[in-house]
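>>> The following comprises the amino acid sequence and a computationally predicted model.
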Amino acid sequence: MRTAQIVKLFTHSVIALGVFFALKFFSPVSIEFWAVILLSFLLWLTFRLFAIVGQLVFEIRNDSARMLTNIERALYYSNSLTKEIRDLVELEKVEKKAHENTSG
């Protein structure tokens, strides 16, 4: 999250520096002035896209880790439930066999 904020701040500084250099070195009616403004805007757009993609990758990674943890927890619960059911079935078989031996 902090990296995305740093990139966002960096993108705004690119715009500010582009406007500063355009105003300092070129006349506002010249083509070079508008070329520098356009270039700084395109750099801003590119860096913003990188920041957005980076944020999405970060969120996807965190969500996938959370999902894997939930799946592991569910599998552990399922395995323990299966073991408990198996133990109960075996206990029932033992009790049934013991009951048959005492009654027969």
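Yep, that arrived.
>>> When you work out contacts or count neighbours from here on, use the C-alpha atoms and nothing else.
Will do.
>>> Using the three-state scheme, assign Ala51.
Secondary structure state of Ala51, per DSSP: H, G, I helix; E, B strand; the rest coil, is helix.
>>> isn't it right up against Ile6?
No. Taking contacts as CA atoms under 8 Å, Ala51 lies outside contact range of Ile6: 9.1 Å.
>>> Give me the more crowded residue out of those two.
More crowded of Ala51 and Ile6, by other CA atoms under 10 Å: Ala51, with 19 against 12.
>>> so which helix or strand takes in the residue nearest to the more buried one when sequence neighbours are not counted?
Nearest residue to Ala51, sequence neighbours excluded (CA to CA, 6 or more residues apart in numbering): Ala4, at 5.6 Å. Ala4 belongs to helix 2-25 when assigned by DSSP states H and E.
>>> try Ser27
Here Ser27, judged by DSSP H and E, is contained in no helix and no strand.
>>> average pLDDT across the strand or helix carrying Glu95?
According to DSSP H and E, Glu95 maps onto helix 31-103. The average pLDDT for helix 31-103 rounds to 88.
>>> which other helices and strands contact it?
helix 2-25 (3 or more CA pairs under 8 Å, 6 or more residues apart in numbering; DSSP states H and E).
>>> The helix it packs on packs against which elements?
Going by 3+ CA pairs under 8 Å, 6+ apart, helix 2-25 lies up against helix 31-103.
>>> Next, count neighbours for Thr11.
By other CA under 10 Å, the residues close to Thr11 number 21.
>>> Spatially nearest residue to it (excluding sequence neighbours)?
Trp44 is the one closest to Thr11 (CA to CA, 6+ apart), at 5.0 Å.
>>> isn't that neighbour right next to Val14, touching?
Yes. Between Trp44 and Val14 there is a contact at 6.3 Å, judged by CA under 8 Å.
>>> still on that earlier bit, for the residue nearest to Ala51, give its distance to Lys24.
Between Ala4 and Lys24 the distance is 30 Å, computed by CA to CA, to the nearest Å.
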